[in-house]
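K.L.:
Curious how this folds, go ahead:
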Amino acid sequence: MNKNDSGDKKYYRVLNILNRLNEGPVKISDLSAEFCVSERSIQRDIERINLTGFHLDSVQKGTYAFAPGVSLNSFNLSSEQLSVLVLMRELAGSLGGAIKDAFDNVFARATASTSGESPFYSVGPRALNPLTRKFYEDIVFAIEHNKKIKVRYVAASGEKDRVLCPVKILASEHFFYMMASVDGGKDGQFPKFRVDRIKRLDILPDEFPPFSPELIKKIIGPATTIWGVNEGKKIQVRLKAEGAAADFLQSKEILPLQKVSKPAPDGSVTVKAVIHHPMEVVPLVLHWMPEISILEPAELRAEAADRIKAYLKKAGN
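P.N.:
Numbers count the residues shown, from 1 in each chain. Predicted structure coming up:
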């Protein structure tokens, strides 16, 4: 067996591809370059995934995506367990006959079990308006070919036609955003546009000079929410968390460049982070209050307090 295509490497490659497919289309040439294997090796991985029962669509030559309605969230196994089944199916298929049929039955039963049969159940928000493929392919094409696009976009101020240079598709809180520059990014800004608010999209013949990967990486940085995708000023924050809020912040990285202190005797922790926008912190504080408080800066503490006062004022009317 080729060292570069050992069992472990295949497993982690399939695992990575499954998770990428869960986020959107994957391009064989990109995966080939990333994993330092031939495009044929990636093509075989795609075939393995498809044959197992995940149902893939060929978006365009060399690009694949889960068929509509297919998502890792719809299976009752983790992505790690599903990647093992992908490789096991290849072995069962090579043996053929009753063994292959038995594997197919095992896969169907394992992935179709009800939540009541599983010891795990995911509790969280459910997307009511999942992203359709209406504009997705056009945006991806425009990004890959540096094509300007004209969109009819619905903002808070109303509908407006805009000419944009798209550079990235971002996913946050069940929404998809298009990060784009206006007028070629001459102002140094890359605003985000929610894809579900685009009412019309036309690819223009005009091209724009590609932006450097370093610049895009700098703008996205260590952001953990869509608010953090910003090249603006940096804000040093310090929070105090107690009780369940302390446990939560010790177990999950919610804030960019988050650093959590060791628990004090009362179980509280101090959390330091660097943000670009107040809304990276304010919703977290409102969600966990009174078990979380803003120590620094004072301006951020005042903004959270103002929001609470505004809510109480409305609630009292």
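
K.L.:
residues contacting the closest residue to Leu257 other than its chain neighbours?
P.N.:
Nearest residue to Leu257 in three dimensions, chain neighbours excluded: Val274, at 4.6 Å (CB to CB, 6 or more residues apart in numbering). Just so you know, the C-beta spots here come from the backbone N, C-alpha and C atoms, and that holds for glycine as well. Contact partners of Val274, counting by CB atoms under 8 Å, 6 or more residues apart in numbering, are Pro222, Lys234, Ile235, Gln236, Val237, Pro256, Leu257.

K.L.:
got it, and Leu300?
P.N.:
For Leu300, the contact set (CB under 8 Å, 6+ apart) comprises Ile235, Val237, Pro278, Val281, Val282, Ile294.

K.L.:
repeat for Asn230
P.N.:
So Asn230 contacts Ile219, Ala223, His276, His277 (CB under 8 Å, 6+ apart).

K.L.:
ditto for Phe248
P.N.:
Phe248 touches Ala241, Ile254, Trp288, counting by CB under 8 Å, 6+ apart.

K.L.:
Which of these ranks first by neighbour count?
P.N.:
Tallying neighbours with other CB atoms under 10 Å puts Ala241 at the head of the contacts of Phe248, with 25 neighbours.

K.L.:
and Ala180, what are its phi and psi?
P.N.:
phi -150, psi 160 (degrees, to the nearest 10).

K.L.:
Tell me where this protein is predicted with low confidence.
P.N.:
1-8, 74, 76, 90, 93-97, 109-134, 174, 183-188, 231, 317 (pLDDT under 70).

K.L.:
domains of it?
P.N.:
Per the record, the chain has its domains at 3-117, 136-211, 235-316, by automatic domain parsing.

K.L.:
which strands and helices sit next to the helix or strand containing Pro283?
P.N.:
Here Pro283 sits within helix 282-288, counting by DSSP states H and E. Applying 3 or more CB pairs under 8 Å, 6 or more residues apart in numbering; DSSP states H and E, one finds that helix 282-288 contacts helix 243-251, strand 292-296, helix 298-316.

K.L.:
try 7 Å this time
P.N.:
Using 3 or more CB pairs under 7 Å, 6 or more residues apart in numbering; DSSP states H and E, the elements in contact with helix 282-288 are helix 298-316.
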